[in-house]
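A.B. asks: can you look at this prediction? I've put the sequence above it.
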Amino acid sequence: MAQDSEKRSILVTSALPYANAPLHLGHILEHTQTDIWVRFQKLYGNECTYVCADDAHGTPIMLKAEELSMSPEELIEMIYKEHKSTFEDFKISHDNYHSTHSNENKILSERIYKSLDAKGLIEKKVINQLFDTSRNMFLSDRYVKGTCPNCGAEDQYGDNCEICSATYNAIDLKDPISVLTGTEPIIKESEHLFFKLSLLKDEINKWLDSSKIQEPVKNKLNEWLEADLKDWDISRDGPYFGFKIPGYDDKYFYVWLDAPIGYLASHLNYLIKQDCEKDFESFWSKDSATEVFHFIGKDIMYFHTLFFPAMLANADLKTPNGVFVHGFLTLNGEKMSKSRGNFISAENYINNLDPDYLRYFFASKLSTGVDDIDLNLDEFKQKCNSDLVNKYANIASRSAKFINKNFDNNLSETLDCPELIKEFKVTSQKIADHYGKLEFSKALKEIMLLADKANQYVDSKQPWVLMKEEGNEQLVHSICTTSLNLFRILTIMLQPVIPGFVDKSLRFLKEDKIEWSSINKTLLNCKIDNFEAIVTRIDDNHLDKLMGN
């Protein structure tokens, strides 16, 4: 991605965390991937806004609030503060973090619904549902269990079987039981509203062809599109925590209707805070030149690549330019599980290690693929110690001591090896291309190859030997100045990934603000600060604490 004078205007989102529990490291993986890309775009000089929100509606939130003897509003406010604080701890740089339970989201959800209705894309249908007579409420799929109608496996949820992978309607379960009360539900009719997705296959295909989506994801979407698309139930009966559907007293928007609209609502809220509310309509007009990208997990592809683009297009709003999908996070080769003791909470991590280590490890694994990412703790320790301590920080520590001790913290007026500086600058464009294409693992490999060259350069010059011989002072001065300029270029390249460690490096170099183009600048005849450790080693004791041992 060649750098030019024309800035891109980009809006970026991560999937909305559900507002009924603390964040886990899977959330951190996704938001870190997004954050690295956002930080790179800003560093590169593009206008990039990163918005997100808590997904604050639905039956689980209503029931969790009851369990805690508080209102849903009190629960989501409490969780919102926790989520926001945790993201900040992990250096996730949202420009705006909002909630789907907001006035902006209510207005936009009603607006989009009315647009779809006006185009004849909303249809009423009477359906059969399981009804818990003890709680006097309809049961969503997650709140009913029974025997799989396909293979006979017991204790299966109302939407799919974990044993044979069959999907089915909850009313087809054998011997269904309400998870809420342990009673047998009855089948009861209810009128629901459906978005007529089945009519929009051509529109979805057209959007898919013009969007940036990974090939494995496109292949999966094509499988879905080859089959008949089903109309989408967008309503829920009360009691339900959410927005009432206009014209109905006891029907609510299904959470998956207003949740993705929460992206728009968070952006609107951001613009209101900036006193730029008027920009919203031009930004989200269907012909807008601004780019919109969503980062999501592979479990919610269906909503973001079928329902949401179809809704936006038929509300005459801008559709996403791309959807970037990642895999799940495993720990030491296994699915994370509290009950099995294979689990690290976000809170426990942040209490024991700097988030930049985890950000670096995630980035070293992230590419355009959708494979699961394994947080193997031994590999995590080895990679962070090897790359960040032995390679990156080592360049500065071994050269700075000569500048600090022998040259009054002043860099030389000359470089010993300008051709190596030039090589780093030339390679920076290749690394920028990797960042822009979400090939973070490739970017870090290139950066660490350069770090190896920088260390090899210092090894070959041996300033610690030269300094013992009189008359070599200027040579050592130039060698160490060259080395620290190489370190500085690496620091700028690593800023999107390890912003905390980079801040320490910049303070040492006495630089306040950097851009990607700052790579072209060379530090000569200027002051640096006394060197202090930038990155320290991870040991087994840290890992034990992460696992709660």
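C.D. replies: Noted; the coordinates are in hand. Numbering: from 1, shown residues only.
A.B. asks: how near is the residue of the chain positioned farthest from its centre to Asn406?
C.D. replies: Among residues of the chain, the one most distant from the C-alpha centroid is Glu470; the distance is 54.9 Å, by CA atoms, centre = their mean. Distance, Glu470 to Asn406, using CB to CB, to the nearest Å: 13 Å. Where you see a C-beta, it was placed from the backbone N, CA and C, and this is true even at glycine.
A.B. asks: try Arg398
C.D. replies: With distances defined as CB to CB, the gap from Arg398 to Asn406 amounts to 14 Å.
A.B. asks: got the confidence number for Arg142?
C.D. replies: The per-residue pLDDT reported for Arg142 equals 87.
A.B. asks: for Ser337, that is, sorry about that
C.D. replies: pLDDT, Ser337: 85.
A.B. asks: dump the residue contacts of it.
C.D. replies: For Ser337, the set of contacting residues under the criterion of CB atoms under 8 Å, 6 or more residues apart in numbering consists of Phe343.
A.B. asks: separation between it and Lys196?
C.D. replies: Counting by CB to CB, the separation of Ser337 from Lys196 is 40 Å.
A.B. asks: do the same with Lys64
C.D. replies: Lys64 is 33 Å from Lys196, where distance means CB to CB.
A.B. asks: burial of Met78, as a residue count?
C.D. replies: The number of residues packed around Met78, counting by other CB atoms under 10 Å, is 14.
A.B. asks: oh, I was asking about Ser386
C.D. replies: For Ser386, the count of nearby residues is 12 (other CB under 10 Å).
A.B. asks: ok, Asn46 next?
C.D. replies: Residues near Asn46, counting by other CB under 10 Å, number 19.
A.B. asks: just checking, it touches Arg8?
C.D. replies: Yes - the pair Asn46 / Arg8 is scored as a contact, 4.3 Å apart, by CB atoms under 8 Å.
A.B. asks: tell me the buried residues in the helix or strand hosting Lys405?
C.D. replies: Under the criterion DSSP states H and E, the helix or strand holding Lys405 is helix 394-406. By neighbour count, and taking 16 or more other CB atoms under 10 Å as the criterion, the buried residues in helix 394-406 are Asn394, Ile395, Ala396, Arg398, Ser399, Ala400, Phe402, Ile403, Asn404.
A.B. asks: likewise stretch 8-17?
C.D. replies: Ile10, Leu11, Val12, Thr13, Ser14, Ala15, Leu16, Pro17.
A.B. asks: ok now it, how far from the chain's centre?
C.D. replies: Mean C-alpha position of stretch 8-17 versus that of the full chain (CA atoms, centre = their mean, to the nearest Å) differs by 9 Å.
A.B. asks: can you tell me how far Asn520 sits from Thr481?
C.D. replies: Asn520 sits 17 Å away from Thr481 when distances are taken as CB to CB.
A.B. asks: I misspoke; the intended subject was Gly146.
C.D. replies: Distance, Gly146 to Thr481, by CB to CB: 73 Å.
A.B. asks: ok, these two, which is more surrounded?
C.D. replies: Here Gly146 and Thr481 are compared on neighbour count by other CB under 10 Å; more neighbours surround Thr481, at 27 against 21.
A.B. asks: helix or strand: which one has the more buried one?
C.D. replies: When secondary structure is defined using DSSP H and E, the element that contains Thr481 is helix 473-494.
A.B. asks: same check, this time on Val502
C.D. replies: Of the helices and strands defined by DSSP H and E, Val502 is found in helix 499-509.
A.B. asks: residues touching that helix, excluding its own?
C.D. replies: Under the contact criterion CB under 8 Å, 6+ apart, helix 499-509 has outside partners 39, 91, 93, 354-356, 388, 393, 396, 400, 484, 487-488, 491-492, 494-495, 512, 514, 523, 528-532, 534-535.
A.B. asks: helices of the stretch 1-150 of the chain, start to end?
C.D. replies: For the stretch 1-150 of the chain, the helices identified by DSSP state H, counting those that start in this stretch occupy 25-44, 59-67, 72-89, 103-118, in order along the chain.
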